[in-house]
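1. Next come a sequence and a model predicted from it.
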Amino acid sequence: MITVEKLDFSYTNNPFIENMSFHVARGEIFGFLGPSGAGKTTLQKILTGLITTYNGSATLNGVECKTHKQSFYESIGVDFEYSTLYEKLTARQNLQFFGSLYAKPSRNIDMLLEFVGLHNDAEKKVSDYSKGMRSRLNFIKALLHDPEVLFLDEPTSGLDPTNSRIMKDLILKEKKNGKTILLTTHNMQDATELCDRVAFIVDGHVKAMDTPHNLIMRKGAATIKYTFHDSTKEHTGECPLAQTSTDSRLMELLQSNRIQSIHSSEPTLNDIFMEITGRTLK
Ligand SMILES: Nc1ncnc2c1ncn2[C@@H]1O[C@H](COP(=O)(O)OP(=O)(O)OP(=O)(O)O)[C@@H](O)[C@H]1O
């Protein structure tokens, strides 16, 4: 669906994105993860045809992004971080207007509004919308022409936990509807939950690319920690989850029912990001 090969791009004379290659399959949710300034938005701009001065190749459905025709935009939907809604128009008027820009007939506006719980606010001006309502409206604006590929820039940024949950469920629903989704995020938890694969991006370079599960497993096994007490005081112990049966002390404690507490701790995607890139996402 999307193929990037030997991509080079910089805003300045210094190299930035260099020799980057990756492929995103149809129906996949693919996440660009990286700290501020890593080049995530730049990559999305290249793939949505907004930056055309790159070298190498970036194709979407076989079309080179920098030489696209207007019809290119029929197959992509874009929900970037900043709202592009008209404040003085109602939600419905906004959707009618943006829908009219495409050759394809719009999806049913009432159904889209219902889909994101805005059906009772359709006639309200966007200036009277809360941040969460705007995010949901911006999201369905990107779905109006039923595009094959969705580009989402920080889809949960600035949302409270409830609205963030709503947004993530909407993204997963669109994946079920067969969409290919490229998203950027700083949020490792969202990435772990949403993405089939992620690319760690730092300073314009891909440092790692895999499923969140495989990346987490790279760090090695999760560990278990346990506490037990003898006649004098409480002790703690630790061993790799995969080696519990060879930990003789743990075995003996289990058999004599002397364990007081036991829990496992898995590395997070954030731990792996720090290990691979030497950077944090904050
Ligand atoms: N139009 C531009 N002209 C010159 N430099 C730019 C331009 N847009 C972005 N940059 C620079 O390119 C680098 C990458 O920016 P980009 O917006 O792609 O980062 P990002 O990973 O999306 O960051 P964030 O998470 O903060 O959105 C930054 O150093 C930024 O200052």
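-> Alright, I've got the coordinates.
2. Give me the helices and strands touching the helix or strand N94 falls within, please.
-> Element membership of N94 [criterion: DSSP states H and E] is helix 91-99. Counting contacts by 3 or more C-beta pairs under 8 Å, 6 or more residues apart in numbering; DSSP states H and E, helix 91-99 is packed against helix 109-115, helix 131-143. Using the backbone N, CA and C atoms, a C-beta is placed for each residue, glycine as well.
3. deepest of those helices, which one?
-> helix 131-143 (a mean of 20; mean count of other C-beta atoms under 10 Å).
4. Tell me which helix or strand comes right after that one.
-> Taking DSSP H and E, what comes next after helix 131-143 is strand 149-153.
5. Residues contacting the following helix or strand past that following strand, please?
-> Sequence-wise, the next helix or strand downstream of strand 149-153 (DSSP H and E) is helix 161-176. Residues from elsewhere that reach helix 161-176 (C-beta atoms under 8 Å, 6 or more residues apart in numbering): 27, 29, 115-117, 131-132, 135-136, 139, 143, 150, 152, 155-156, 159, 181, 183, 190, 193-194.
6. cool, stretch 218-230 as well?
-> 210, 234-244, 250, 253, 258-267, 271-272, 275.
7. Would you list the buried entries among those residues?
-> Buried members of the contacts of stretch 218-230, scored by 16 or more other C-beta atoms under 10 Å, are C239, L250, L253, P267, I272.
8. What about these, which are in helices?
-> Taking DSSP state H, the ones among the buried ones among the contacts of stretch 218-230 that sit in helices are L250, L253, I272.
9. could you dump the residues you listed to JSON lines with distance to L47 and pLDDT?
-> Below are those laid out as JSON lines (distance: C-beta to C-beta, whole Å; pLDDT from 0 to 100):
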{"residue": "L250", "distance to L47": "50", "pLDDT": "91"}
{"residue": "L253", "distance to L47": "55", "pLDDT": "90"}
{"residue": "I272", "distance to L47": "25", "pLDDT": "86"}
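10. Between these, which sits nearest the ligand?
-> I272 (18.5 Å; C-beta to the nearest ligand atom).
11. Can you say which helix or strand has the nearest residue to the closest one once chain neighbours are set aside in it?
-> Leaving aside its sequence neighbours, I272 sits nearest to L215 (C-beta to C-beta, 6 or more residues apart in numbering; 4.9 Å). Assessed by DSSP H and E, L215 sits inside helix 212-218.
12. Given the very next helix or strand once past that helix, what are its sheet partners and their directions?
-> Using DSSP H and E, the helix or strand that follows helix 212-218 towards the C-terminus is strand 223-229. If you go by DSSP bridges, strand 223-229 pairs up with strand 234-240 (antiparallel), strand 259-265 (antiparallel).
13. hang on, the earlier thing: verify the stated contact: the residue nearest to I272 with L269.
-> Yes: between L215 and L269 there is a contact under C-beta atoms under 8 Å: 6.3 Å.
14. so what sits against both of the two?
-> V198.
15. Against the ligand, how distant is L113?
-> With distances taken as C-beta to the nearest ligand atom, to the nearest Å, L113 is found 29 Å from the ligand.
16. wait, isn't that residue in contact with R92?
-> Yes: assessed by C-beta under 8 Å, L113 is found in contact with R92 at 7.5 Å.
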